[in-house]
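Chemist: sequence first, predicted coordinates after that:
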Amino acid sequence: QLVESGGGLVQPGGSLRLSCAASGIILEYYGIGWFRQAPGKEREGVSCISRGEGSTNYADSAKGRFTISRDNAKNTVYLQIHSLKPEDTAVYYCAAARNCPGPYEYDYWGQGTQVTVSS
């Protein structure tokens with residue numbers, strides 16, 4: 001029900017926009033989070049956008065370079081990443097919860113999109 005796209009190989013300092021498209025659910029009614037998991041590391045929450053008004057939250061590692069947004073007409077959530085660093089290399093996932101942030105279970109997950117930052 002959630003499909004990520006937009007990942008790829010990018011040089012350090014470059015930018016990417018990841019997309020999370022939904023079918024079967026209306027993203028505006030859910031809190032949508034972006035997560036990432038690097039090889040050998042635990043999954044890390046990066047950012048989320050709340051249901052309805054779309055308040056945004058960012059992990060410290062994402063502040064200043066990551067921007068989460070939602071296009072209700074396209075039923076898609078985006079994660080724009082600027083000034084990419086090698087340590088941003090990971091599989092990026094989007095997920096839907098009752099709301100975010102907060103103690104809510106993420107019930108729907110995408111399959112992930114690989115982001116590799118390398119020269």
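Modeler: Alright, I've got the coordinates.

Chemist: can you say which helix or strand has the residue most central in space within the chain in it?
Modeler: In the chain, the centroid-proximal residue (Cα atoms, centre = their mean) is W34; its distance is 2.8 Å. Taking DSSP states H and E as the criterion, W34 maps to strand 31-37.

Chemist: what comes up buried for that strand?
Modeler: Counting neighbours by 16 or more other Cβ atoms under 10 Å, one finds that the buried residues in strand 31-37 are 31-36. Any C-beta I mention is one placed from the backbone N, CA and C, and that applies to glycine too.

Chemist: equivalent analysis for stretch 112-119, please.
Modeler: 112-113, 115, 117.

Chemist: put together CSV for the buried residues of strand 31-37, with pLDDT and distance to G8 on each row.
Modeler: What follows is the buried residues of strand 31-37, written out as CSV (pLDDT from 0 to 100; distance: Cβ to Cβ, whole Å):
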residue, pLDDT, distance to G8
G31, 97, 27
I32, 98, 21
G33, 97, 21
W34, 98, 16
F35, 98, 18
R36, 98, 14
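
Chemist: quick one: which of those is nearest to Q1?
Modeler: I32 (12.0 Å; Cβ to Cβ).

Chemist: helices along this protein, start to end?
Modeler: For the chain, no helices are identified by DSSP state H.

Chemist: below-threshold pLDDT in it: ranges please.
Modeler: Counting by pLDDT under 70, the chain contains no low-confidence residues.

Chemist: which residues of it fall in strands?
Modeler: Using DSSP state E, the strands of the chain run over residues 2-5, 8-10, 16-22, 31-37, 44-49, 56-58, 66-71, 76-81, 90-97, 106-109, 113-117.

Chemist: for R98, what are its contacts?
Modeler: For R98, the contacting residues are 30-31, 51, 104-105, 107, by Cβ atoms under 8 Å, 6 or more residues apart in numbering.

Chemist: contact partners for G7?
Modeler: 16, 18, 91-92, 113-116.

Chemist: want to throw the residues you listed into JSON lines with distance to S47?
Modeler: Below are the contacts of G7 laid out as JSON lines (distance: Cβ to Cβ, whole Å):
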{"residue": "L16", "distance to S47": "14"}
{"residue": "L18", "distance to S47": "10"}
{"residue": "V91", "distance to S47": "15"}
{"residue": "Y92", "distance to S47": "10"}
{"residue": "T113", "distance to S47": "15"}
{"residue": "Q114", "distance to S47": "18"}
{"residue": "V115", "distance to S47": "14"}
{"residue": "T116", "distance to S47": "20"}
